[in-house]
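**Q** take a look and give me a structure for this.
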Amino acid sequence: MGYVVVVCSRCRLAKGADERQKTTTCPGCGRSLRLEWLKKYHRAETLEEARGAIGRLNAKLKGGLDAYLEDIAGEGPPAGLPQGALTPDLSADHSADRPQTAAARDSLPASKLDKRVLLLLDSKGPLTAEELLAALAKAKLTREKLQKRLDALCEAGHIFEPSVGKYKIVK
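**A** As a prediction, this is how the structure comes out:
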């Protein structure tokens with residue numbers, strides 16, 4: 001039995017899960033996450049190792065990895081952790097871990113609408129759904145259709161919600 005460390009596509013909080021699970025719930029925003037669609041940042045054999053990787057990844061995502069590593073360097077590795085467990089390869093490409101199911105392929109930014117949404121978020125920064133709807137007025141888009149596409153882009157990991165109702169592109 002092993003564990004994987006994934007990141008919520010909405011609130012960008014790292015979380016551990018049993019690798020045999022199909023879904024898990026984000027403790028930050030409550031979103032249901034499909035593990036097969038998420039990048040696995042770390043694989044661990046023990047719960048303690050997974051907890052360490054979650055802490056390091058959350059610190060890195062929040063911009064405080066150096067302070068976190070200095071904190072734990074004074075204490076030494078927690079009991080039961082292998083020597084290299086304090087420095088996981090967070091830059092490894094795990095794209096092969098994401099199966100290309102029909103649902104996953106449908107959620108990739110292949111449509112013009114998805115590409116426009118990503119371009120707007122990239123150029124203007126975080127926007128609400130109403131701001132996106134106004135910027136995409138020529139597309140004659142309904143609020144429901146836009147929300148469906150935003151949810152699909154969040155689920156695929158292309159955008160996330162840094163705060164409720166605002167969307168930001170993942171860089």
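**Q** secondary structure class for the residue located most distally from the centre of the chain?
**A** Largest separation from the mean C-alpha position in the chain: residue 138, at 30.7 Å (CA atoms, centre = their mean). What DSSP: H, G, I helix; E, B strand; the rest coil gives for residue 138 is helix.
**Q** for this structure, just list every one of the strands.
**A** 3-7, 14-18, 23-25, 32-34, 42-44, 127-128, 159-163, 166-169 (DSSP state E).
**Q** give me the low-pLDDT residue ranges for this structure?
**A** 63-110, 171 (pLDDT under 70).
**Q** before we move on, back to that, output the strands of the chain in TSV; the columns should cover mean neighbour count.
**A** All C-beta spots, glycine's among them, are computed from the backbone N, C-alpha and C. Listed next are those as TSV, based on neighbours: other CB atoms under 10 Å:
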stretch	mean neighbour count
strand 3-7	24
strand 14-18	19
strand 23-25	14
strand 32-34	16
strand 42-44	20
strand 127-128	16
strand 159-163	18
strand 166-169	18
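**Q** out of the ones you listed, which is closest to residue 60?
**A** strand 14-18 (8.7 Å; CB to CB).
**Q** and the angle for that closest one with strand 3-7?
**A** 150 degrees (axes from the mean of the first three to the mean of the last three CA atoms, to 10 degrees).
**Q** and the helices in this protein?
**A** Taking DSSP state H as the test, the helices found in the chain are 47-61, 65-75, 102-107, 112-124, 129-135, 143-156.
**Q** among the strands of the chain, which comes closest to residue 120?
**A** Proximity to residue 120, assessed across the strands of the chain by CB to CB, is greatest for strand 127-128 (6.5 Å).
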